[in-house]
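**Q** sequence first, predicted coordinates after that:
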Amino acid sequence: MKKFILVILVYICSLNWLALQGYAQSKSRPADQLTQAFLHPPEAAKPWIYWYWMQASVSKAGITADLESMKEEGIEGAYLMPIKGPANPPYMIPPVEQLSKPWWDMVKFAMSEADRLGIRLALHDCDGFAVAGGPWITPELSMQKVVWSKTLASGGKVYHDTLAKPQSYKGYYKDIKIFAYPSPQGSGISTKTIVPKITASTGADVQYLAVPGNKTSFASSEPCWIQLSFEQPFTCRSLIIHTNASNYESERLLVETSDDGINFKPLTRLDPPRHGWQDGDAPITNEIVPTTAKYFRFIYDKAGSEPGSEDLDFAKWKPSLRLSGIELSAEPKIHQYEGKTGEVWRVSKRTNTQQLPDNLCIPKDKIIDITDKLDASGRLNWDVPSGNWTILRIGHTSTGHTNATGGAGAGLECDKFNPAVITLQFNSWFGEAVKQAGPELAKRVLKIFHVDSWEAGSQNWSANFAVEFKKRRGYDLMPYLPVMTGVPVQSASVSEKVLSDVRQTIAELVSDKFFGTMAKLAHAQGCSFSAESVAPTMVSDGMLHYSQVGIPMGEFWLRSPTHDKPNDIMDAVSGGHIYGKKIIQAEAFTELRLMWDEHPAMLKAIADREFALGINRFTFHVDVHNPWLDRKPGMTLDGIGTFFQRDQTWWKPGKAWVEYLQRCQAMLQMGHPVTDIAVFTGEETPRRAILPDRLVNTLPGIFGEERVKSEVIRLANRGEPMRTIPDGVNSSANMAEPQQWINPMRGYAYDSFNLDALLRLATVRNGRIELPSGASYGVLMIPGVHPMSPDSSLMSPQAIKKIQQLIKEGATVIWDSHPTQAPGMADDAVVKQIANEILNTSGTKGKVIIGPYTDENFDKLGIARDVIVTDSTGSFAANIAWNHRAGAGFDSYFISNQDDQQRTIALSLRTSGKVPELFDPLTGEIKTAGNWKIVNDRTILSIKLDASGSVFVVLRQSANIVSTQKHQNWPIIKPIQTLKQTWTVKFDKAFGGPEQSVIFNALDDWSKNSIDAIKYYSGTAAYTQSFNWQISLKGDIWLDLGKVANLADVYVNGIHCGTAWTYPYRVNISKALKNGKNEIKIEVSNTWANRLIGDHALPKEKQITWTNAVYRLDGKPLLPAGLLGPVQLVKLDY
């Protein structure tokens, strides 16, 4: 066996030592930073954990036990986050409620214990996990939104009356402006004033759908129609489908019209906006081509429904129709204006002149500001000019959003645009924690200030908004303010431009005011600042706020496709790369329904996939504080999240899994990412990093014919196939899920590139676009139309000028759009002119390639594939994830097998002149690769990866063209001795096991045992036996455990030899093996599932377990458990 470099010997390694071990290298190599980081992961490479204190249930004993277990497990720090108030009835009496003196005492105690143990703490910016609020935030200090009321007035007389007060939150309302304008056609006319007869093809009585505010839903899972019939022809210019809960199918109805109720013709199909999961703050107003008819029929058929996504959330679920009203209006509106004003996170197509001709828009010079005519009591005194007028009272109120997951610290969400209020929020929670603990203790322990999930909706106003708008956009918003209420001003184009500028201003304020202020406050406390994604709830540039944040953070979920957040991950990774953040973190393994079968081997491939995407530190979700020492499994987040805490059955052997992650994270924090393609996110707001499925049409050659075809099929969504994951949760089977997009560009990596990076950071050097962060890109891609950019003709003069400059300086641009207009109030002619100059440019240093790009690689651009992975037939090997980082004198490739079977693959790496080494993060071993060669400036070698296996291929020493090492890069396994089948097994009585040891005459699955104490056992059991070893062999001897359910600690002669927790379930026992008699002990740990199933059938007084998680294991079979074998001593020959 070729001996690997061991931790303790790495500093004294030499040629002679390696030769004695059977591994001769060309020369000795001193330990370097890369080796040291791998063998001794630094603190920054260790995982963190979410530490939730649930429902006012906290104890000092539990705090100490929690923190001590974290320290033993190799956890660097914990995000302390209290969740909710006391349960009913309370779990603990008296409850320890947030903000109370006993609670602050517990916080201080936790800091003291963390200080004693060397654990670092992070603290969220409010009670709960979303997002920044508390009882100190009054309505006027909270998130604000624009509200309004309309009053119709006839001219030729004085209007002297109280104007209707717009919507308000708990009575709080403040005026912004009072306008009057000539009433457009159809003003005040709708189905509220002219009530139609409503019928349905189902025969049901649905007249209730005409009642404003109706709460009864019409529902159908079968094709049907609903018809509105008028006695006289009705002119419809806009319409709203009302729902009591968001419903995708209600927003994609086919609309037909008729004059006789018999012959119908199609008018339009409603087109749902892109939207996130928190979309209920406003309806969706659809502007249609003005149409006069007596009958309007709304037809439902699920055929053609899109599969869901993060930005089409309500399409994730089983397609069916549910609606509570259909409202037609004769009044013209800006199409789907609610999202365009920033009140909710949505992306919609722009209003066109067919829908909204200029003659239906209010000329700007016809809008009169009559604010000074309103007195303090709300009465308007105004001499109305001749004609019919609309009085528009515009103001703002609180959005009403709260940090709803908080307890006694819950309250309204703070105004995200007001630095003074943001400072109040920081001081009232985080600052108070520092004060209560004492500055010295807090300074030693409290190291991270954190902003977690944004679950507070959006805001589109603040006292400073108009001033900020003018400063940033260069013109006054006030003359155009009616657009914030959906009233079109001047033209459809002008209205859309103003609203685009509104959203861009919102996006900038979120970053500058909220995150910028929080960053300054955190740094003043000596803390780093971590934050999760803002999208898809707050209107934003999904990457911009990471310019303010020290530790960008995304999140990914386990077995929860309806809640998984691949775009959050991409936002954090791309944001981290363009802004030069060393650590890019992820909330890891959040799970919608805890099933108690989770274990490290199950999680490994998912972890590796996220590493390949660019995540380099995990924060486990979740460790819920268990205030009791005698209740197991104990407290959970109401059964949400992977159970990663001290009362997990496999917590102790799980340390080996943590050590694996530490090594990976250490390597992935070294150097900088190597990425070839920068994908411009465009200027639609909100915007996010672009997912790979949205780029297939722009780069069909790069993605390949097979992917292009499969995308056509997936998006067609024929038959609307569904699947059930997890149990009881049905969702679309055609969502684009991360596991389906491994290495999507087949050897190329890309980052999304936002407007800020383009304008402020991008330069060109040697034909590559470079950023101050060190990021470097060989090509800038401007995608065509995709879901988050429904109009590819939009680009600002600043952006297109900068792209032109980059091209002149030598950059290569793939352009799959043709800009013709600015998104905001800028000169469209400038955009058209420069676009034509770019597309017709010759003689510049750079290149412009008109997309779609159909070549299968970028070779003609001088960009070879970074990684080429092939199988034994020489074909592209799917499901191999990879990540490339480079630093001073080294390149490091992380290679991950995403399949659950062993695979042999050939690697061709775009790096040459260096010796490849294999860093095994599972064992911590380093070896020089064999049988490699350099061909055409590429390093080529073959490797074998176990199921879900991974390796780092590191190139750092100068080399010749061909390897001098002729060994292969995987072992031939030679069985030496099979251990006898008879084992003595000791179960833990405290976990329900038998009191006495049990003899197993054959290795067998516990769940098949006839003894209930074994059959339903969950925990750790020790297998022991003795064996004789008389064989003299060179090299190392390994213990191969065969099959294990689920983790196994191996001891030989009392010496701990290692933990087998994933394939190949092998442990090196050489250091403990001796001639003669050897004593072996294998401690095997399974999951909680079997014990919970067993307990569920018992009376409560006989149950061993206690948890607050909902029981979801009815009908589930028992899981395989124990040491299943065969157990063999093997030798590995290379």
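**A** Arrived safely.
**Q** walk me through the domains of the protein.
**A** 43-137+401-461+526-671, 143-185+367-398, 197-331, 677-861, 866-969, 974-1133 (automatic domain parsing).
**Q** okay, the ones you listed, which one's buried deepest?
**A** Counting by mean count of other CB atoms under 10 Å, domain 43-137+401-461+526-671 has the highest mean neighbour count of the domains of the chain, with a mean of 22. For every residue, glycine as well, the C-beta is placed using N, CA and C.
**Q** those strands in the stretch 401-550 of the chain, which residues are they?
**A** 446-451, 528-531 (DSSP state E, counting those that start in this stretch).
**Q** could you dump those into a markdown table with distance to Ile838 added?
**A** Formatted as a markdown table, those follow (distance: least, CB to CB, whole Å):
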| stretch | distance to Ile838 |
| --- | --- |
| strand 446-451 | 39 |
| strand 528-531 | 36 |
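**Q** possible to save those as a markdown table with mean pLDDT and distance to Gly924?
**A** Output for those, formatted as a markdown table (pLDDT from 0 to 100; distance: least, CB to CB, whole Å):
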| stretch | mean pLDDT | distance to Gly924 |
| --- | --- | --- |
| strand 446-451 | 99 | 27 |
| strand 528-531 | 99 | 28 |
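**Q** can you tell me which strand in the protein is longest?
**A** In the chain, assigned by DSSP state E, the strand with the most residues is strand 224-242.
**Q** any idea which helix or strand comes after that strand?
**A** strand 254-258 (DSSP states H and E).
**Q** how far out from the middle of the chain is that next one?
**A** Here strand 254-258 is found 39 Å from its chain centre; the criterion is CA atoms, centre = their mean, to the nearest Å.
**Q** avg pLDDT for the helix or strand following it?
**A** With elements assigned by DSSP H and E, the helix or strand that comes after strand 254-258 is strand 265-269. Per-region confidence: strand 265-269 scores 98 on mean pLDDT.
**Q** cool, and stretch 107-116?
**A** For stretch 107-116, mean pLDDT rounds to 99.
**Q** from Pro653, how far out is Leu755?
**A** Leu755 is 48 Å from Pro653, where distance means CB to CB, to the nearest Å.
**Q** also Ala1097?
**A** 28 Å.
**Q** now swap in Leu356 and tell me
**A** On the measure of CB to CB, Leu356 and Pro653 end up 65 Å apart.
**Q** do Leu99 as well
**A** The value you get for Leu99 to Pro653, if CB to CB is used, is 39 Å.
**Q** return the residues in contact with Gly949.
**A** 896-897, 902, 922, 1063 (CB atoms under 8 Å, 6 or more residues apart in numbering).
**Q** Asn616 touches Ile584, doesn't it?
**A** Yes: under the criterion of CB atoms under 8 Å, Asn616 makes contact with Ile584 at 5.7 Å.
**Q** contact partners for the residue lying closest to Tyr1111 once chain neighbours are set aside?
**A** Nearest residue to Tyr1111 in three dimensions, chain neighbours excluded: His1096, at 6.0 Å (CB to CB, 6 or more residues apart in numbering). When contacts are counted by CB under 8 Å, 6+ apart, His1096 touches 1111, 1113-1114.
**Q** just Leu909 next, same as before
**A** So Leu909 contacts 866-867, 891, 893, 916, 938-940, 953, 955 (CB under 8 Å, 6+ apart).
**Q** at 7 Å what do you get?
**A** The contact partners of Leu909, by CB atoms under 7 Å, 6 or more residues apart in numbering, come to 867, 893, 938-939, 953.
**Q** check Val421 too.
**A** 141, 414-415.
**Q** how much space separates it from Gly407?
**A** 22 Å.
**Q** residues contacting the residue lying closest to Asp571 once chain neighbours are set aside?
**A** Excluding the flanking residues, the one nearest Asp571 by CB to CB, 6+ apart is Gly542, at 4.3 Å. Gly542 sits next to 533-535, 571, 686-689 when contact means CB under 7 Å, 6+ apart.
**Q** repeat that for Leu239.
**A** 286, 288, 326-329.
**Q** gap between Lys933 and Ser963?
**A** Where Ser963 is concerned, Lys933 sits at a distance of 7 Å (CB to CB).
**Q** returning to that earlier point: export the domains of the chain as a markdown table, with columns for distance to Leu34.
**A** Output for the domains of the chain, formatted as a markdown table (distance: least, CB to CB, whole Å):
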| stretch | distance to Leu34 |
| --- | --- |
| domain 43-137+401-461+526-671 | 6 |
| domain 143-185+367-398 | 47 |
| domain 197-331 | 36 |
| domain 677-861 | 17 |
| domain 866-969 | 6 |
| domain 974-1133 | 23 |
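**Q** between those, which gets nearest to Ser500?
**A** When the domains of the chain are compared by CB to CB, domain 677-861 sits nearest Ser500, at 4.4 Å.
**Q** quote the end-to-end distance of that closest one.
**A** 12 Å (CA to CA, to the nearest Å).
**Q** what's the offset of that domain from the middle of its chain?
**A** Taking mean C-alpha positions (CA atoms, centre = their mean), domain 677-861 and its chain are 20 Å apart.
**Q** helices and strands of the chain: which one has the lowest mean pLDDT?
**A** Within the chain, no helix or strand scores below helix 15-20, which has a mean of 31 by mean pLDDT, DSSP states H and E.
**Q** after it, next one along is what?
**A** helix 33-39.
**Q** give the buried residues for that following helix.
**A** 34-35, 37-39 (16 or more other CB atoms under 10 Å).
**Q** just those now: which is nearest Leu509?
**A** Of the buried residues of helix 33-39, the one sitting nearest to Leu509 (CB to CB) turns out to be Ala37, at 39.4 Å.
**Q** identify the residue spatially nearest to that closest one, adjacent ones excluded.
**A** Ala37 sits nearest to Ala666 (CB to CB, 6+ apart), 4.2 Å away.
**Q** now the buried residues of helix 33-39 in JSON lines, please, with extra columns for distance to Gly824 and pLDDT.
**A** Output for the buried residues of helix 33-39, formatted as JSON lines (distance: CB to CB, whole Å; pLDDT from 0 to 100):
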{"residue": "Leu34", "distance to Gly824": "47", "pLDDT": "96"}
{"residue": "Thr35", "distance to Gly824": "52", "pLDDT": "97"}
{"residue": "Ala37", "distance to Gly824": "46", "pLDDT": "98"}
{"residue": "Phe38", "distance to Gly824": "49", "pLDDT": "98"}
{"residue": "Leu39", "distance to Gly824": "54", "pLDDT": "98"}
